[in-house]
Structure formats: C-alpha cells, structure tokens
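1. Sequence below, structure please.
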Amino acid sequence: MLGIKTKLKKLFRNKNQSLVNKDKIIDLMITFKADEFGHECNTEKADLGYGWIHYGLLRQQKPKRVLCVGSRHGYIPAVFAQACKDNGFGTVDFVDAGFDLDDKGGWTGVGYWRTKKGRNCFNNFNLGNYITLFLTTTKKFSQRYPNQVYDYIYIDGDHSLKGVTSDFKLFWPKLNRNGYLVFHDICVKEDKPEGVYGVWKLWKKLEKEFKGIKINYLGSGLGIIQK
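-> Below is the predicted model:
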C-alpha cells in the first residue's frame, strides 16, 4: 500500500509542481476580472496577490458568515466564496450599490451588478450556493438585517473618509469576537478622478487602537484588525 501511495505522489509531482491548481486560479481570475494593480496579483502566473491572504485566513478561520462590501467585477468576493466552498460550509453576503462611473460616489464602479451577467456570474462559476448579492447601500443593508453577525468582514466600498468611517461604525458591532475586519486601499493617499481617498486616515487611527496589521507590498494595501 505504501508503494502505491509513493508512486501516486511521484506521478502528481511530475505532472504539477504547484501546491494549487493553477488552471482553476487563472479561470477564476479571468472570469471575475482580477484587478492586478489593486490587489497585487498576476493572472498569467496564477498569483492571487491579496487573494492569498483572504483565502488563507478563511480556510484557517472556517467562518460561518462572511461580509464583503464592494467589488468592481467580483474578484475578491469570488475568492471568499471559493474558500467557503473548499471549507465545505460558510456563506458570503456580498453588498454593492451597483454604482457606475457616472454615479456620485461610484468609486470606480462600472454598474456591473445591475446587469444580468453580473447577477449570474457566481452561479456560472459554481459558487452560487456560497454567496448572495445584495444590490443596495451598506446603510440600507444594515437596516434591513440588524441582527446579522459575521466572522470576517471586508470593506472596499466608499473610499472617502466619511464613507469608510460610516461602514466601520455600521459593521464593527456585527463582527464576532476573534473575527477579522479587513480594509482595502489603506495606502492610497493621493486624490484621484473618482474621489478623495480617506481610508488611510481611518486606518491610521485604528492601527494604533487595535494594533492592526498593515500589508502593503508597495501597492494599495490591506489593513487587518482582529476583534
């Protein structure tokens, strides 16, 4: 029996030197249009970038409920849903207002979630059982589900200081003890056509108060705090 296992392991190593399925990763990244600059990832190399951090935390934490606020084409929420699927349980509430570039407060949104393609994209990748899209603002979502709590919360919606502070105040009370709250774009300080970024200002306060972890890699950055 040991001899068969040894042969199978050797065969697998010769066929695929990677620890993960590169074809599956590339397929996911292409399907959900991974933002290579914003998430420090590389589709050609099957490198999830910041996605590795989210995926690893979710696989280790085994959350029952995950909240994702904001995504242009669904890359990060898809990683969340895939992690839940690989865990064998857990669900993702994905909240996005569906704004596009012409909407006030659109923040690089492209109106994708208003389209039929956007609404069906997770089903088409066999992740529909692990994620639910809520096409609404965070304020309305919070009011609609006042008692919902989470083990992992990711905030990547309104990047203004007022907007991200509001999202923090809305969802921090809904995070379970030992849960993670993660901010995207904590290192973006320059003003851009889509608006004046203020996530970094909020993070500067929270990092000291909660002894948060800052992940940069010279890019947009992630900020992680554990409750």
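
2. can you give me the helices in this protein?
-> Secondary structure of the chain by DSSP state H: the helices cover 2-15, 22-31, 50-61, 75-87, 116-124, 138-144, 161-171, 199-210.

3. okay, those helices, which one's buried deepest?
-> Most buried of those by mean neighbour count (mean count of other C-beta atoms under 10 Å) is helix 75-87; its value is a mean of 24. Quick note: C-beta positions are derived from backbone N, CA and C, even for glycine.

4. and that one, what other elements does it pack with?
-> For helix 75-87, the packing partners by 3 or more C-beta pairs under 8 Å, 6 or more residues apart in numbering; DSSP states H and E come out as helix 22-31, helix 50-61, strand 65-69, strand 91-96, helix 116-124, strand 131-135, strand 150-155.

5. I'd like those as JSON lines, with mean pLDDT appended.
-> Below are these laid out as JSON lines (pLDDT from 0 to 100):
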{"stretch": "helix 22-31", "mean pLDDT": "96"}
{"stretch": "helix 50-61", "mean pLDDT": "97"}
{"stretch": "strand 65-69", "mean pLDDT": "98"}
{"stretch": "strand 91-96", "mean pLDDT": "98"}
{"stretch": "helix 116-124", "mean pLDDT": "96"}
{"stretch": "strand 131-135", "mean pLDDT": "98"}
{"stretch": "strand 150-155", "mean pLDDT": "98"}
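
6. Turn these into TSV, including distance to Gly106.
-> Shown next, in TSV, are the helices and strands packed on helix 75-87 (distance: least, C-beta to C-beta, whole Å):
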stretch	distance to Gly106
helix 22-31	23
helix 50-61	22
strand 65-69	15
strand 91-96	11
helix 116-124	15
strand 131-135	14
strand 150-155	17
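
7. before we move on, the earlier item: quick one, which of the helices of the chain is nearest to Ile155?
-> Of all the helices of the chain, it is helix 161-171 that lies closest to Ile155, at 5.1 Å by C-beta to C-beta.

8. Out of the helices and strands packed on helix 75-87, flag the one nearest Val199.
-> strand 150-155 (8.2 Å).

9. Go through that closest one and flag the buried ones.
-> 150-155 (16 or more other C-beta atoms under 10 Å).

10. wait, Arg65 sits on Val149?
-> Yes: with contact defined as C-beta atoms under 8 Å, Arg65 counts as touching Val149 (6.9 Å).

11. who's more crowded, the two?
-> For Arg65 and Val149, the more surrounded residue by other C-beta atoms under 10 Å is Arg65, and the numbers stand at 18 against 15.

12. Identify all residues paired with the more buried one through a beta bridge.
-> Assessed by DSSP bridges, Arg65 has beta-bridge partners Thr91.

13. Where is the longest strand in this protein?
-> When the chain is parsed with DSSP state E, its longest strand is strand 175-184.

14. what packs against that one?
-> Counting contacts by 3+ C-beta pairs under 8 Å, 6+ apart, strand 175-184 packs against helix 50-61, strand 150-155, helix 161-171, helix 199-210, strand 222-226.

15. Mind doing that once more with 7 Å?
-> Here strand 175-184 touches strand 150-155, strand 222-226, going by 3 or more C-beta pairs under 7 Å, 6 or more residues apart in numbering; DSSP states H and E.

16. would you list these in TSV and tack on distance to Phe32?
-> As requested, the helices and strands packed on strand 175-184 are exported to TSV (distance: least, C-beta to C-beta, whole Å):
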stretch	distance to Phe32
strand 150-155	15
strand 222-226	18
